[in-house]
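[1] Would you be able to build a 3D model of this:
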Amino acid sequence: MKNSSIEQSAVLDVEHGADLQDSGGRCSGVCLGMKTTRSKADQTDRQEKSRYCFASSRAIGDFSKSKRNSDGLSSWCRDCHNESSKIRSKKIRLTEQGRARLRSLNLKWGKANRIKERARMQVLMAVKSGSLVRPKTCEVCGVGCNPHAHHENYAKPLVVKWLCIKCHGKRHREINLETVNK
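    Numbering: from 1, shown residues only. Coordinates of the predicted model:
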């Protein structure tokens, strides 16, 4: 039987493996990135704590939000999750079945979003023909990159803002908040 005080505190900010043993000699799961329960007091000061991912101890800010888990955080830190996703994507792209699945998903998205797909293709063709020039920097933050074309209005497909990946994601999150708040 586990001691509830060990479960509650979950020793999120200690060295890996230090004082994590319960009375049965088993690890409480923190060092393996497993879920632990926390008290309400722990949840309020969560920004100051750290947590164990599968690889190492990380700050709470390094974990994505997750509605599935009781503490509201993903079991994997963002770096480990991204690395795992890259490996999985590479494996999928190496098989013919995986490539066929990706093609079918892309076609399905294109059919469901015809206006967006048409605008995207018009920008692609304009850039290839030279009538639309892709800059080397983001229009918002000015960082040197290969910016994405962002459409504010799909009815005007060649009127785009050139945004880096971060600014493009930020703009879409702003748009999503605007639509939710309406």
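
[2] Trp162: neighbour count?
    Applying other Cβ atoms under 10 Å, we find 21 residues neighbouring Trp162. C-betas here are computed from N, CA, C, even on glycine.

[3] Could you check how far the nearest residue to it once chain neighbours are set aside is from Ala112?
    Counting by Cβ to Cβ, 6 or more residues apart in numbering, Trp162 lies nearest to Pro147, which is 3.9 Å off, once chain neighbours are set aside. Remark: distance between Pro147 and Ala112 (Cβ to Cβ, to the nearest Å) = 26 Å.

[4] list the helices and strands the strand or helix carrying Cys80 packs on?
    Assigned by DSSP states H and E, Cys80 belongs to helix 78-94. Judged by 3 or more Cβ pairs under 8 Å, 6 or more residues apart in numbering; DSSP states H and E, helix 78-94 is in contact with strand 63-65, helix 96-112.

[5] Buried residues, the shortest one. List them.
    By neighbour count, with 16 or more other Cβ atoms under 10 Å as the criterion, the buried positions of strand 63-65 are Phe63.

[6] cool, and the longest one?
    Under the neighbour-count criterion of 16+ other Cβ under 10 Å, helix 96-112 has nothing buried.

[7] got the contact list for the helix or strand just after that helix?
    Next helix or strand after helix 96-112 toward the C-terminus (DSSP H and E): helix 114-129. Identification of contacts with helix 114-129 by Cβ atoms under 8 Å, 6 or more residues apart in numbering yields 109-110, 132-134, 149, 151, 154, 157-158, 160.

[8] switch to 7 Å and redo it
    Residues outside helix 114-129 that contact it (Cβ atoms under 7 Å, 6 or more residues apart in numbering): 110, 132, 134, 149, 151, 154, 157-158, 160.
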